[in-house]
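> I'd like to go over a predicted model; first the sequence, then the structure.
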There are 4 protein chains.
Amino acid sequence: MENAFASFTAPFTASGRAALVPPPPWHYAGWLLNVAIACDTSASASLVPPALGRLTGSGCIHFADWQATTDGRELLDPIYAQYRETIIIVEIELPDGSLANFCPFIWVDQDISLIRGLLQGWPKKFGATSMTRSLPIDHLAAAPLQAGTKLGASLCVKDRRLVEAALELTGNPGRPLGFLANRTIGSVGWPDLTRPGEPPHLRWLLPDIRDKVASQWHEATALVRTFEHPVEELSLLGELRAQTASVGWIGITVAGAREAAL
Amino acid sequence: MENAFASFTAPFTASGRAALVPPPPWHYAGWLLNVAIACDTSASASLVPPALGRLTGSGCIHFADWQATTDGRELLDPIYAQYRETIIIVEIELPDGSLANFCPFIWVDQDISLIRGLLQGWPKKFGATSMTRSLPIDHLAAAPLQAGTKLGASLCVKDRRLVEAALELTGNPGRPLGFLANRTIGSVGWPDLTRPGEPPHLRWLLPDIRDKVASQWHEATALVRTFEHPVEELSLLGELRAQTASVGWIGITVAGAREAAL
Amino acid sequence: MENAFASFTAPFTASGRAALVPPPPWHYAGWLLNVAIACDTSASASLVPPALGRLTGSGCIHFADWQATTDGRELLDPIYAQYRETIIIVEIELPDGSLANFCPFIWVDQDISLIRGLLQGWPKKFGATSMTRSLPIDHLAAAPLQAGTKLGASLCVKDRRLVEAALELTGNPGRPLGFLANRTIGSVGWPDLTRPGEPPHLRWLLPDIRDKVASQWHEATALVRTFEHPVEELSLLGELRAQTASVGWIGITVAGAREAAL
Amino acid sequence: MENAFASFTAPFTASGRAALVPPPPWHYAGWLLNVAIACDTSASASLVPPALGRLTGSGCIHFADWQATTDGRELLDPIYAQYRETIIIVEIELPDGSLANFCPFIWVDQDISLIRGLLQGWPKKFGATSMTRSLPIDHLAAAPLQAGTKLGASLCVKDRRLVEAALELTGNPGRPLGFLANRTIGSVGWPDLTRPGEPPHLRWLLPDIRDKVASQWHEATALVRTFEHPVEELSLLGELRAQTASVGWIGITVAGAREAAL
């Protein structure tokens, strides 16, 4: 049955005005705390689909405070624009030997971003991220961008803390890490309730990225701590050992996606 | 590419433990305030896909306080079990002349229910529902099930009140209304980001319902008020005129779905 | 300076309409899970003010899902009426040798209840309580009041789980426990910012309770688990060992308070 | 009865570790949207206590995204540090003819700030503030500090929008407005439940401010819209007519308070 309605996602109406997610392009700008990690690879086959290869043991945790818009309207009604999320990125070696990023877990605090992420292959669920912001003033509460400033971040999933990080700025320039430094392959799939016993067919997508800009990155040292959780499977990565870290701002526009050639 | 992983929904892991939504059966039990409404039909073609026919001018608003579980485990960790939602039901006349229910709009406050609903064709977005509960004691704050008791309900979507209702129990038995009284056809569709300009193909599903039980229903009179909203399209139904109402408890199990024969 | 304004609490206006807390009487009705506990008494002097004596080693954790109103208006706009809280009750032996209850810690999820509680001497802070509800239908998701039904409860404070409990109904009648079974002395005090180095003078209050009604109580066995927290001091009570438990509904009206004669 | 415990606010323990509010100094840094307003003065006597004089018809709405700390520890666990609020400031002419600010209404989204505010005489209740942030990058979603950038802000109280504002940067330097430009007198009072029929005695406090720093202010034009509310009394100020506006960052430390000499 053809769909004569304009909605990109539910609810489906002729105008599409009420659709939870408008079609791309999606413009994002955010404040990010990035912590490069080393992780165990022994559970690689439990996390990385065979088509995507295997864990290398490198990765990144991003804590992100986003502002997103389609045509600018959400910036005037910012409850539609803002959300925070914690992103786990693992580096994978694809079957052809090349390296890419893969996101096994990600938690966000807004419905629009949840669905927009699932459509791109970010496996979003709800979680509450807190993260220190850096303000451009010199005050004890402002966490300015200078050597010695300390920043924290944490994630709570279903009323349990799952991850926390403590950063300290070194005063040196930092590097883009994690999804900021290499392509990230997404996994998209929707189960069909008429076959309730079958997991969904999965597709692998790469985003069509435009207009990527970043501020200078600021280097930090970091400590990461994770906690047991009865539902989450972050422990498949073993102990997460922080390597280096960086903080800064990024802007990025996603116009769509293409199939990843594997 | 075949999916060797067990997850019914993202995130996709070998065990499926972290999946946001486990596979059905899904067991639900809830406290419901049901308000039968008359609505305008002039915007029928903006709300009801051509394949599903047209609005009859009848419908129902349900305010629901749910508790849901798969195998019982969520009842021991109730942050996984509980959520509230406001459900707009319209009656439609299908092309074959038969009557059915259709849900153009629904708002919920939990991620699990959001995705579980979208898979069934309930077009869920986030919204905050408040609703008076009736407690089985005789006290001024308990809203007991007796003539003269008043109960209220409201829905807030993105920080704006969208619907509110005031009910008063008559002391008479009530009737099941809305989705409690007839089958409800769901519309399922997921856009494909590799074709970002196209709305999704839609399918029409009917739930496979088992183990449906209800308490006695208690009749109420009701008033409904709706408010303008810059994004929501509830105003396509015109003024919602409350007809009758009922309150009570229902239990229902959904085991999957089948295509609606249209 | 005399206060010509009617507000019982801030904000202070002539009409008092916007005051966060209207004056009593305050009518409450709620669903409660009560878990009697044994606790350590070695930190008694860190928790119980000298004027109030000492811990006996008995206590109770209440998980409560409340509905409160002043003159009935909040029941028609239930976002003003409903909240949940977790209440720690310890039994104390007063200097005169009599027994009473004392609440060292309590966490709630609504601003109105927070201030109303502080005025009565309940030391409320924000925390998120989840608790299974029992619905009067026979369904897997309904947790009906019968032997073998399992119910859970949990408390999260600043994104960390602090307490969780698992109950199983025995099918036998239960008892009122904790604050349901004896008077509870409250501690009220407000610091004065013109003397920022001084803790507040404390007063001991007993509530003026009227119209107390309860449903039958249903006995349960229980397990309790507590977790470390960097700010909360629940660990001063040592390991909390569940003794017996009960569930049911209570209605209570508070008309004011009087000084506790110590 | 003397209080041997260290807690500045409830809960009261020997160590004071769990107290909701630690004693000052309190260090704040935040991102502010300030909209100078003209308002009606006809309801002056309903809002301004006689001791404080009368409304002049000028005022300001501040939307603030704060980060606060005592000794730095909250910056490493930012769920303790961050909150947002909407502040209504009115200018008053004191009985001696001098001008001051007074805050009749303010809404915040965190328990710590709620109590800390009440102690200073800010009449805080819960409300949800959303506000566009400006990020130091050139991207469509970043709202950079340059002419033509649009920013929005809104306040929701008990699930109803109460205020919204739309700003557009002019590219010119802006001015400190509202509480940033003059002293603000606070009103502190706590009712006594042993006399439940009496509103509290009120005191007037001025904060002891130290270490006040600000970024450059950026001028904006603004539109403000307010909405009816069944509980809030913002409508006592009549139509709020935006005059000018500014955005920027501020840091401020409060060490205590003193009585306002009236």
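Everything's here; your move. Since this is a predicted model, take the numbers as computed values, not measurements.
> quick check: longest strand of chain A.
Using DSSP state E to define each element, chain A has its longest strand at strand A:241-259.
> mind checking how far that one is from the chain centre?
8 Å (C-alpha atoms, centre = their mean, to the nearest Å).
> now that strand: mean pLDDT?
Confidence over strand A:241-259 (mean pLDDT, whole number) is 98.
> next one: stretch A:206-222
96.
> in it, which residues are buried?
Residues of stretch A:206-222 classed as buried by neighbour count (16 or more other C-beta atoms under 10 Å in any protein chain shown): A:206-208, A:211, A:215, A:217-220, A:222. The way it works is simple: take the backbone N, C-alpha and C, and place the C-beta from them, glycine included.
> helix, strand, or coil at the residue nearest to A:Ala242 when sequence neighbours are not counted?
Using C-beta to C-beta, 6 or more residues apart in numbering or on different chains and skipping the chain neighbours, the partner closest in space to A:Ala242 is A:Ala222 (4.1 Å). Under DSSP: H, G, I helix; E, B strand; the rest coil, A:Ala222 falls in the strand class.
> who's in contact with A:Ala222?
Applying C-beta atoms under 8 Å, 6 or more residues apart in numbering or on different chains, we find A:Ala222 in contact with A:35, A:165-168, A:242, A:244-245.
> ok, so of those, who is nearest D:Thr9?
A:Ala166 (26.9 Å; C-beta to C-beta).
> which two in the contacts of A:Ala222 are spaced the farthest apart?
Spanning the widest gap among the contacts of A:Ala222 are A:Ala166 and A:Thr244, at 13.9 Å by C-beta to C-beta.
> more neighbours: these two, which one.
Remark: of A:Ala166 and A:Thr244, A:Ala166 carries more neighbours, 22 against 17, as counted by other C-beta atoms under 10 Å in any protein chain shown.
> what residues are up against that one?
Taking C-beta under 8 Å, 6+ apart as the contact definition, A:Ala166 lies against A:150-152, A:222-223, D:76.
> can you say which of those residues are buried?
A:151-152, A:222, D:76.
> for the closest residue in space to A:Pro104 that isn't next to it in sequence, report the pLDDT, please.
Leaving out its chain neighbours, the residue that sits closest to A:Pro104 by C-beta to C-beta, 6+ apart is A:Leu47, at 4.9 Å. At A:Leu47, the predicted lDDT confidence score is 97.
> next up, phi/psi of A:Leu47, please.
phi -120, psi -30 (degrees, to the nearest 10).
> which helix or strand contains the closest residue to A:Ala181 other than its chain neighbours?
Counting by C-beta to C-beta, 6+ apart, A:Ala181 lies nearest to A:Arg175, which is 7.3 Å off, once chain neighbours are set aside. Assigning secondary structure by DSSP states H and E places A:Arg175 outside every helix and strand.
> wait, A:Arg175 touches A:Gly248, no?
No. Contact criterion C-beta atoms under 8 Å: A:Arg175 and A:Gly248 do not qualify, at 10.0 Å.
> any common contacting residues for the two?
A:Trp217.
> touching chain B at all, the helix or strand harbouring A:Leu155?
For A:Leu155, the host element (DSSP H and E) is strand A:150-157. No. Applying C-beta under 8 Å from any C-beta of the partner chain, one finds strand A:150-157 out of contact with chain B, separated by at least 9.6 Å.
> from A:Val224, how far out is the residue nearest the centre of chain A?
In chain A, the C-alpha nearest the mean C-alpha coordinate belongs to A:Ile87, at 3.8 Å (C-alpha atoms, centre = their mean). A:Ile87 sits 13 Å away from A:Val224, taking C-beta to C-beta, to the nearest Å as the criterion.
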